[in-house]
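Enquirer: structure for this input, please:
(one chain, ligands or ions: 2)
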Amino acid sequence: MGRVGVLLLNLGGPDRLEDVRPFLFNLFADPEIIRLPFPWLQKPLAWWISTVRTKRSQENYKQIGGSSPLRRITEAQAQALQARLEEKGQPTQMYIGMRYWHPFTEEAIARIKRDGIDRLVILPLYPQFSISTSGSSFRLLQQMWLEDPKLNSIEYTVIPSWYKQPGYLQAMAQLIAQELDGFSNPDAVHVFFSAHGVPKSYVEEAGDPYQQEIEECTALIMQTLNRPNSYTLAYQSRVGPVEWLQPYTEDAIQELGQQGVQDMVVVPISFVSEHIETLQEIDMEYREVAESVGIHNFRRVPALNTHTQFIDGMADLTIEALNSPSVKLSQVSQMKKRVKMYPQERWQWGMTTSAEIWNGRIAMLGFIALIIELITGKGLLHAVGIL
Ligand SMILES: C=CC1=C(C)c2cc3[nH]c(cc4nc(cc5[nH]c(cc1n2)c(C)c5CCC(=O)O)C(CCC(=O)O)=C4C)c(C)c3C=C
Ligand SMILES: [Fe+2]
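Expert: Residues are numbered from 1 along each chain as shown. Ligands and ions are numbered 1, 2, ... in the order given. Predicted coordinates for the structure are as follows:
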């Protein structure tokens, strides 16, 4: 089989408070995160948003100790997965490719080339596929393969999403059961799944299968849990003025509190490590919302991190991928049916229909920004909550 490598894809996060601004710049410069009609606008807008968002974001990172735990946890996951694969008779080299911070995907690919890897499994650490997460990393890799013919000597396969993997489902169910059993009446506790949101247009216009995969995943976890608890699915971490997937987590918590729910277990569902949105947003912000509406017993299920059953499931997934026909990066959008990645390279100059629509939208936005500033005395970003 030659030398086998596993490339774990993840988002990345700032290692120090000084990293927050460049990390945010990298994130907002990604056309799969902010979809703009003009490629030349991407970097100036990313610079502007990252500049104005840095203070707020740094405050949140300060509350969790001044850095993101993502790199440390991903490294621990890689180590645990390598050991489990070795035990199962499949020795591998592990690589971590972060999308927006160190170690960057480009650094991982350089190491893979240097190490002379013959077979590579590309495994995103996102159970469900979204254009904005796995899709963005796949697109970057596809570009790297196009630009570097030497990469064609590596026989690779991609795992687009894996939320149905039995070890993953059992590990999630086990963690939920453990948390429920800490309550005096476990069956009466409301199980609240909180997924990271995406703008609604990703699903409705670009065909992102994320919402459908999240819904299916939630139902499969409840089936595996096999308990009589009532449950809700909602979406957190909205950014900017457009509509995101609903219901929003804060609204759904308030509604449940008003309905008389007192015991709640929150399950972060779209990510497998602790990160700022579990440690700060759920544990601090949403806890406060819950307490204000009478949900006094508010607990959170820990993220999977290096959970033994989860790592075992990831090892099975890797071995299965090595023994199955390979999946190419170019096949992913077909496999995910109607996914439209950001069509930047197909943008045509001139007065095409889409250019006219976008010119109109930008002019409207400029006009609305002016009116808002005149009425409120604040700029548009303040008014819509980005600042
Ligand atoms: C499956 C998970 C995620 C999806 C989907 C996702 C989409 C998405 N995110 C933003 C904007 C931001 N995300 C930020 C941090 C962040 N996002 C995810 C995961 C998903 N994002 C994680 C795990 C993290 C945390 C990394 C860490 O440091 O722990 C941030 C930065 C934090 C902040 O300032 O709030 C932003 C901004 C958009 C716009 C988007 C979909 C279009
Ligand atoms: Fe995010």
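Enquirer: can you name the residues that contact the most centrally placed residue in the chain?
Expert: By CA atoms, centre = their mean, the chain has its centre lying nearest to residue 133, at 5.2 Å. Residue 133 sits next to 11, 99, 124, 126 when contact means CB atoms under 8 Å, 6 or more residues apart in numbering. Just so you know, the C-beta spots here come from the backbone N, C-alpha and C atoms, and that holds for glycine as well.
Enquirer: now do residue 47
Expert: So residue 47 contacts residue 25 (CB under 8 Å, 6+ apart).
Enquirer: from ligand 1, how far out is it?
Expert: Distance, residue 47 to ligand 1, using CB to the nearest ligand atom, to the nearest Å: 14 Å.
Enquirer: shouldn't that residue be within a strand?
Expert: No - counting by DSSP: H, G, I helix; E, B strand; the rest coil, residue 47 is not found in a strand; it is helix.
Enquirer: name the SS class of residue 7, please.
Expert: Assignment for residue 7 (three-state DSSP): strand.
Enquirer: does it touch residue 120 like I think?
Expert: Yes - contact criterion CB atoms under 8 Å: residue 7 and residue 120 qualify, at 6.0 Å.
Enquirer: what is in contact with the two at once?
Expert: Counting by CB under 8 Å, 6+ apart, the residues touching both residue 7 and residue 120 are residue 112.
Enquirer: hmm, residue 193 is touching residue 230, no?
Expert: No - Residue 193 is beyond contact range of residue 230, at 11.8 Å (criterion: CB under 8 Å).
Enquirer: next, count neighbours for the residue of the chain found nearest ligand 1.
Expert: Closest residue of the chain to ligand 1, CB to the nearest ligand atom: residue 13 (2.4 Å). Residue 13: 25 surrounding residues under other CB atoms under 10 Å.
Enquirer: quickly find the element holding it.
Expert: Using DSSP states H and E, residue 13 sits within no helix or strand.
Enquirer: let me see the contact set for it.
Expert: 23, 67-71, 100-101, 275-276.
Enquirer: now swap in residue 106 and tell me
Expert: Counted by CB under 8 Å, 6+ apart, residue 106 has contacts residue 144.
Enquirer: need the three-state assignment for residue 2.
Expert: coil.
Enquirer: likewise residue 241?
Expert: coil.
Enquirer: hmm, back to that, any idea of the pLDDT on the residue of the chain closest to ligand 1?
Expert: Residue 13 carries a pLDDT value of 98.
Enquirer: counting neighbours, what do you get for the nearest residue to it once chain neighbours are set aside?
Expert: In space, and not counting its chain neighbours, residue 13 is closest to residue 68: 2.5 Å by CB to CB, 6 or more residues apart in numbering. Per other CB under 10 Å, the neighbour tally for residue 68 reads 25.
Enquirer: so the nearest residue to residue 234 once chain neighbours are set aside is in which element?
Expert: Taking CB to CB, 6+ apart, and ignoring the residues beside it in sequence, residue 234 has residue 252 as its nearest neighbour in space, at 3.9 Å. Element membership for residue 252, per DSSP H and E: helix 249-258.
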